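J.: my questions concern the predicted model and sequence given below.
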Amino acid sequence: MARTILPFGPQHPVLPEPLHLKLTIEDETVVEALPTLGYVHRGLEKLCEVRDFNQMIQIVERVCGICSCLHALCYCEGVEQIMGVEVPRRAKYLRTIWGELHRVHSHLLWLGLFADAFGFESLFMQFWRVRERIMDIMEATCGNRVVVSVNVIGGVRRDLTPEQCKWIEEQVAIAEKEIRQLSSTILNDYTVKKRCCGKGVLTKDQAYQLGAVGPMLRGSGWAQDARQTGYAAFGELGFEPIVEYDGDSYARSAVRFRETLQSLDIVRLAIARLPEGEIASKVKGKPQGETVTRVEQPRGELMYYLKADGSKHMDRVRIRTPTFANIPPLLAMLPGCELADVPVIVLSIDPCISCTER
Amino acid sequence: MLETIPLSLDQVAAVAKECFDDGWRQVTMSAVDCGEAGFEIFYHYDKDLVMRHYRLSIPKETVVPSISPVYFCALLIENEIRDQFGICFSDIVLDFGGALYLEAEVRAMPFCKVSVAEKQS
Amino acid sequence: MFNMTKNVVANLFSKSSTRLYPIAVRGHFEGFRGTLHINIDECIFCRTCMIKCPSQCIAVDNKAGTWTCEAMSCVYCGVCVDVCPTGCLSMSKEHRPVATEKQTMAYQGVPKKKKKEAAE
Ligand code: SF4
Ligand code: SF4
């Protein structure tokens, strides 16, 4: 049968960011997909050679526009490990709270975009309305909506007052109620199921071998989450990953939906157990050594490899973002699907191309 | 601090195969420019949240055997390293030839300090 | 069908979830990092802010006594406010109005005299 090559992206109504896929199609079926990257490469890793290691915090926050807090958290944990800095317990809890709020807002953003991908505009608006509540919390407590800039090496920059804690708890309770109202639509609606169930199936073995991370991996039945390694306060709070077994787009959205609620619970738990004390410890000297740190970003596991040579610049900052790891599984999922399902499948990996190219 | 297992050039593929059969997930590879000493490439694997790091030290202009026939997901990483550092890999399953981020026509690599060796085995 | 009726009725009687923007403005929370301000009289031209700023948008000349900030490259991280030894930098919660041209904040202060000169 005649084959056609169809460019998908970099500008496409469904894509929030520029990913270009060369789709080879036969009739309406995709046979091959080839990715092209490089539209938003900014060379942030290289900047570590000209900015000092404290300034890099603000730079790594800008790797990803949505999960800035977790990037800074991962970087700071790495540098703290190298320098042997003990972070105060309160700072760990605060980091967890802001990190989880980031996950909630990122998942809500994604759920909205996903609804948009199959043309459910009003669901999209509903999710984003709930998200606004989380953004308000962020703005009131950190001083900015997205790039919160609260992490410093040795701790955090802002503290929560008891009133703020109470207010966050109220807001989280309302947000949870609103999210639960949407659950029947995103999880049980006939049309939604029709568009997601059985689309873009990634089997359990495939997911693992292709190095999928985050909700991709958990949607395919692997209970693996970097939060189990106990970064920030997770060592004390305990954590159970959320797993779905079908490996299709629906399973992935279910994982993310349930994780949203779980993260709200973690926020509540962390606030309830928030210990008193310092929020930052003094840091002296310059880092020297190398380390690898991992945290769980909304899109999956984020890995930093840091190398410092004792000067004020880092020697190497290697950032492996989750979307980078999730593109090979995407390439494996696309062949065999119908052209009309491509947007849903592409979005189901939660692509963040700025992350990928850094 | 970071415990690594040294790796030599001819073991790369064999070790990858071993890890694959043993059920390790490939996390990523990191390349580090060590100036005069050449490059270091780390292979990070993960199994049940335990990580294992292999350290491969190579002089400049070495062609490294690709592990992408074993771990398909390594293809993006290897292509990226080629773009950024100019380290060539042999037999990548999907070789962008240094044009993952750039258009194919652009041959000057702004990403790496060393000039790119055009030859590739 | 019943669900829908319920929703329709609820929506009819609940208030609008959007704001009439130019009339009702949202405003910002206390502590929002909106605009950077400097009290130039207190500045001692120590250049700490210039060195620590991650986007390198501040230029301080300690001889001429000028403090300039490229407002458009500032990322509002608030690092300069934290590190300034005299506390002369501050952030207000209103963000900068939209502009059609790049703006530079330039201030002229009195450079601090060296101790020797001051004694003369
Ligand atoms: S707020 Fe941040 S970016 Fe802006 S001038 Fe201060 S340090 Fe620089
Ligand atoms: S840190 Fe403060 S006192 Fe020093 S130059 Fe900057 S604004 Fe002036």
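T.: Done, it's in. Ligands and ions are numbered 1, 2, ... in the order given.
J.: where exactly do the helices run in chain B?
T.: Using DSSP state H, the helices of chain B run over B:12-21, B:74-85.
J.: between the ones you listed, which one is closest to chain A.
T.: Taking C-beta to the nearest C-beta, helix B:74-85 is the member of those nearest to chain A, at 5.9 Å. C-betas here are computed from N, CA, C, even on glycine.
J.: distance check, A:Phe257 against B:Ile5.
T.: Counting by C-beta to C-beta, to the nearest Å, the separation of A:Phe257 from B:Ile5 is 40 Å.
J.: for the helices of chain B, give me a markdown table that also has mean neighbour count, distance to A:Pro298 and mean pLDDT.
T.: As requested, those are exported to a markdown table (neighbours: other C-beta atoms under 10 Å in any protein chain shown; distance: least, C-beta to C-beta, whole Å; pLDDT from 0 to 100):
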| stretch | mean neighbour count | distance to A:Pro298 | mean pLDDT |
| --- | --- | --- | --- |
| helix B:12-21 | 17 | 28 | 78 |
| helix B:74-85 | 24 | 21 | 78 |
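J.: separation between the closest residue to ligand 2 within the stretch 201-350 of chain A and B:Asp46?
T.: Distances between the stretch 201-350 of chain A and ligand 2 by C-beta to the nearest ligand atom are smallest at A:Lys312, namely 18.1 Å. Computed with C-beta to C-beta, the distance linking A:Lys312 and B:Asp46 is 32 Å.
J.: again with A:Thr323
T.: As judged by C-beta to C-beta, A:Thr323 and B:Asp46 stand 18 Å apart.
J.: now do A:Gly214
T.: A:Gly214 is 13 Å from B:Asp46, where distance means C-beta to C-beta.
J.: compare those two and say which one has the larger neighbour count.
T.: Neighbour totals were compared for A:Gly214 and B:Asp46, and A:Gly214 leads with 27 against 21 (other C-beta atoms under 10 Å in any protein chain shown).
J.: so what's the backbone phi/psi at the closest residue to that one other than its chain neighbours?
T.: Spatial nearest neighbour of A:Gly214, excluding adjacent residues (C-beta to C-beta, 6 or more residues apart in numbering or on different chains): A:Gly300 at 2.3 Å. Its backbone dihedrals place A:Gly300 at phi 140, psi -170, with angles given as degrees, to the nearest 10.
J.: which one of the helices of chain B lies closest to ligand 2?
T.: Closest approach to ligand 2 among the helices of chain B is made by helix B:74-85 (36.0 Å; C-beta to the nearest ligand atom).
J.: what's the angle from the closest one to helix B:12-21?
T.: Taking axes from the mean of the first three to the mean of the last three C-alpha atoms, to 10 degrees, one finds that helix B:74-85 is oriented at 140 degrees with respect to helix B:12-21.
J.: so A:Gln164 is in which element?
T.: For A:Gln164, the element it lies in under DSSP states H and E is helix A:162-188.
J.: packing partners for that helix?
T.: On a contact count with 3 or more C-beta pairs under 8 Å, 6 or more residues apart in numbering or on different chains; DSSP states H and E, helix A:162-188 meets helix A:89-117, helix A:121-142, helix A:249-273.
J.: what's the average pLDDT for that helix?
T.: For helix A:162-188, mean pLDDT is 84.
J.: so which bits of it are buried?
T.: Residues of helix A:162-188 classed as buried: A:164-165, A:167-168, A:171-172, A:175-176, A:179, A:182, A:185-186 (neighbour count, 16 or more other C-beta atoms under 10 Å in any protein chain shown).
J.: quick one: which of those is nearest to ligand 1?
T.: For those, the closest approach to ligand 1 (C-beta to the nearest ligand atom) belongs to A:Gln164, at 22.5 Å.
J.: which residue, other than its chain neighbours, is closest to the residue nearest the centre of chain B?
T.: Among the residues of chain B, the one closest to the centroid is B:Glu78, at 4.7 Å (C-alpha atoms, centre = their mean). The spatially closest residue to B:Glu78, leaving aside those adjacent along the chain, is B:Phe89, at 4.6 Å (C-beta to C-beta, 6+ apart).
J.: about what we covered before: okay, the helices of chain B in a markdown table with distance to C:Ala10 next?
T.: A markdown table is the format used below for the helices of chain B (distance: least, C-beta to C-beta, whole Å):
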| stretch | distance to C:Ala10 |
| --- | --- |
| helix B:12-21 | 55 |
| helix B:74-85 | 48 |
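J.: out of those helices, flag the one nearest A:Ala91.
T.: Between A:Ala91 and the helices of chain B, the shortest gap by C-beta to C-beta is with helix B:74-85, which sits at 33.4 Å.
J.: so where's chain C uncertain?
T.: Applying pLDDT under 70 to the predicted model, the residue ranges of chain C that meet it are C:1-2, C:112-120.
J.: correction: the previous question concerned chain B.
T.: By pLDDT under 70, the low-scoring segments of chain B are B:1, B:95-121.
J.: tell me where chain C has strands.
T.: Counting by DSSP state E, residue ranges of the strands within chain C are C:35-38, C:58-61, C:66-70, C:89-92, C:104-108.
J.: is ligand 2 contacted by the last one?
T.: Read that as strand C:104-108. No - no part of strand C:104-108 sits close enough to ligand 2 to count as contact by C-beta under 6 Å from any ligand atom; the gap is at least 9.3 Å.
J.: same question for that strand: list its buried residues.
T.: By neighbour count on 16+ other C-beta under 10 Å, the buried set for strand C:104-108 is C:Met105.
J.: that one packs against which elements?
T.: Taking 3+ C-beta pairs under 8 Å, 6+ apart as contact, the helices and strands that strand C:104-108 lies on are strand C:35-38, strand C:66-70.
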